[in-house]
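In: just to be clear, the model below is a prediction. Sequence and coordinates:
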Amino acid sequence: MGTDEPSDDVITVIEAPRQSDLMVELIKKLKPQVVITGMAQFEAVTNSAFQHLLDTTKEIGSRLFLDISDQFELSSLPGSIGVLKYLAGTPLPSHAAIICGLLKNQVYSDLEVAFVISEEDAIFKALSKTVELLQGNTALISQYYYGCLFHELLAFQLADRHPPTERKGEKVKTSEMIGFSKSALSVLNHAELLISETDNSSLIHMDVDQIFLPIPTPVKAAIFESFARQNVTESEIDVTTGIRQFIKSNYGFLTDSNTEFIYADYPLALFNKLVLCCIAEGGTLCFPGGSNGNYVSAARFLKANTVNIPSQRQTGFKLTEKTLTDVLETVNKPWVYISGPTISVTGLLYSNEEMESILSICARFGARVIIDTSFSGVEIDSKGQDGWSLEGTLAKVTSSANSSFCVSLLGGLFLRMLTGGLTFGFLVLNQPSLADTIDSFSGLSKPHSTVKYTVKKLLDLRAQKAGDLLNSVAEHEKLLANRSQRLRETLKNCGWEVLSARVGVSMVAKPSAYLGKTIKINENATAWEAKIDDSNIREAMLKATGLCINSASWTGIPSYCRFTIALEDGDFERALDCIVKFKKIAGI
């Protein structure tokens, strides 16, 4: 799959029978490029039907995705599954993958999770990147939780398992099978997603939207209690009241009985549902220059119409009335994405007055606005900022707005609460038609009840202004402020032009002293040489030092890279050393 020619972006779907003999006959006659199927219950007990499907699709050159969700059951007396018997002793051919969702689960009734089994690197890497784009990074706590759960529950079902060293994948020419679509390849090859394809285990990630700071004690207590409690009532995991109060106190965003609240494991998953709404309306998604690169890549991956709104250095790469007006005058059915109050990626803040100007322009053109608050909450220097009062702003601009104008509020709690390995996203909609459209889309990963229990606990503590939680947040803000200052000084001393940030999670800087300079790096006995520009600064930094940053193609700001600072203590110190090391290698 990784070496063949990309396929055209044309998809024809044919519904087919599940019974294997009928499916095999259809495959032989139609010779499809991809087969997605399940199995009849009576055929799933043995592996003969599965083997027949494998042989036929391999002969035709089709990719096979087999769904065993109907047969896979977590219980004290699991039934026999032929596919698992096959996997116990035989490598899975590279053209096939197994899909499974926990639909029949008597062990943890509220656990909703799905997984894919594949022994082909190209499939595995592509699906990993796809999930990262569409759902966001899986929370660390969820990774440990699911990992332990599956280890305990599945080990006994695969008694004849072979060690990994004995399970070598079958050699199949990937050119015989369909590859990725051109649109998918375009995004996956250029999106700066998590780097994991390396033997270097000491990579330092300043390129991810995650927090690796110590988890405050009140957060640990809430998480532990969520797992320890039994017979939890619905009221104990109902977070809506807390979210209403949270967005009102922080952003002045009022809700009423018609307001819809939608929750997910990660804000990015909710954003992608809004992208699908935009596509369904035939709209165009407008991103200001300097928007989070993961969101821009996700929209392009879904093949949405996108437009970049130019931003300038002299305005801190913020949206202005003129640039926004110039773009909206040329766009039909505009959707405008705004990160605020904290702007990801620059770390600057939109004032209430600036938001009023922006929303008034959007109202005049009837734009649907997505305000993303996911990256807000850790202000280092908020002097002169009175906070947002969207209630008054929206009341003022809505009175003369085009009928299609509406504002959706997207957010998360991992910055406000510094929850570390726990993630949670919410979407607030005041437009019933949008809520109905989102409900029509499947595949939204909803938070586990333990997560909602924890979130409600923390929201209640914040509303009560509990000293322990607020003190922990204040300590983290001081730590981030100190790190921001140290990173700024280190970058400036090493030839970077830094845009001063007012929040403590990330900052952007331009490698002024390095652009146009030829750098030679000796890596694992092979030399890498290039003239530094926007397209290779990330690769050069990674090869030379093991430090991962986001380049200008990710930030959307020409020549400006992004650095995140919410790292573990040791990693942050190493990151500073890497910046200094890169200066020496470049001979600056």
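Out: Yep, it's here.
In: with adjacent residues omitted, what lies nearest to residue 515?
Out: In space, and not counting its chain neighbours, residue 515 is closest to residue 532: 5.8 Å by Cβ to Cβ, 6 or more residues apart in numbering. Quick note: C-beta positions are derived from backbone N, CA and C, even for glycine.
In: next: residue 32.
Out: Closest to residue 32 by Cβ to Cβ, 6+ apart is residue 62, at 5.6 Å.
In: again with residue 403
Out: Nearest to residue 403 is residue 366, by Cβ to Cβ, 6+ apart, at 6.7 Å.
In: elements contacting the host helix or strand of residue 461?
Out: According to DSSP states H and E, residue 461 maps onto helix 449-463. With contacts taken as 3 or more Cβ pairs under 8 Å, 6 or more residues apart in numbering; DSSP states H and E, helix 449-463 sits against helix 217-228, helix 240-251, helix 467-493.
In: ok, and what's touching that helix?
Out: With contact meaning Cβ atoms under 8 Å, 6 or more residues apart in numbering, helix 449-463 is reached by 110, 218-219, 222-223, 225-227, 229, 232, 236-239, 242-243, 245-246, 263, 265, 413, 416-417, 419, 422, 424, 447, 468-470.
In: switch to 7 Å and redo it
Out: Residues outside helix 449-463 that contact it (Cβ atoms under 7 Å, 6 or more residues apart in numbering) are 110, 218-219, 222-223, 225-227, 229, 232, 236-239, 242, 245-246, 413, 417, 422, 424, 469.
In: equivalent analysis for stretch 39-55, please.
Out: Applying Cβ under 7 Å, 6+ apart, the set of residues contacting stretch 39-55 is 18-20, 23-24, 64, 66, 68, 70-71, 80-83, 85-86, 93, 96.
In: of those, which belong to helices?
Out: 20, 23, 24, 82, 83, 85, 86 (DSSP state H).
In: chain center to stretch 208-225: distance?
Out: 19 Å (Cα atoms, centre = their mean, to the nearest Å).
In: list the buried residues of that stretch.
Out: Buried residues in stretch 208-225, counted by 16 or more other Cβ atoms under 10 Å: 208-216, 218-219, 221-223.
In: hey, C-alpha coordinates of stretch 496-509 in CSV?
Out: Only the C-alpha atoms of stretch 496-509 are listed here, as CSV (Å, rounded to 0.1, in the frame of the first residue of the first chain):
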residue,chain,number,x,y,z
TRP,A,496,15.1,33.0,16.6
GLU,A,497,12.7,35.8,16.3
VAL,A,498,10.0,35.2,19.0
LEU,A,499,6.4,36.4,19.1
SER,A,500,5.7,37.1,22.7
ALA,A,501,2.8,35.0,24.0
ARG,A,502,0.4,35.8,26.8
VAL,A,503,-0.5,32.2,27.7
GLY,A,504,1.7,29.4,28.9
VAL,A,505,1.3,26.5,26.6
SER,A,506,3.0,27.4,23.4
MET,A,507,4.7,30.1,21.4
VAL,A,508,5.8,30.7,17.9
ALA,A,509,9.2,31.8,16.6
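In: how about it: buried residues?
Out: 496, 498, 499, 501, 502, 503, 504, 505, 506, 507, 508, 509.
In: so what touches that stretch?
Out: 342, 345-349, 375, 378-382, 415, 477, 480-481, 484, 487-488, 491-492, 510-512, 555, 557, 560-566.
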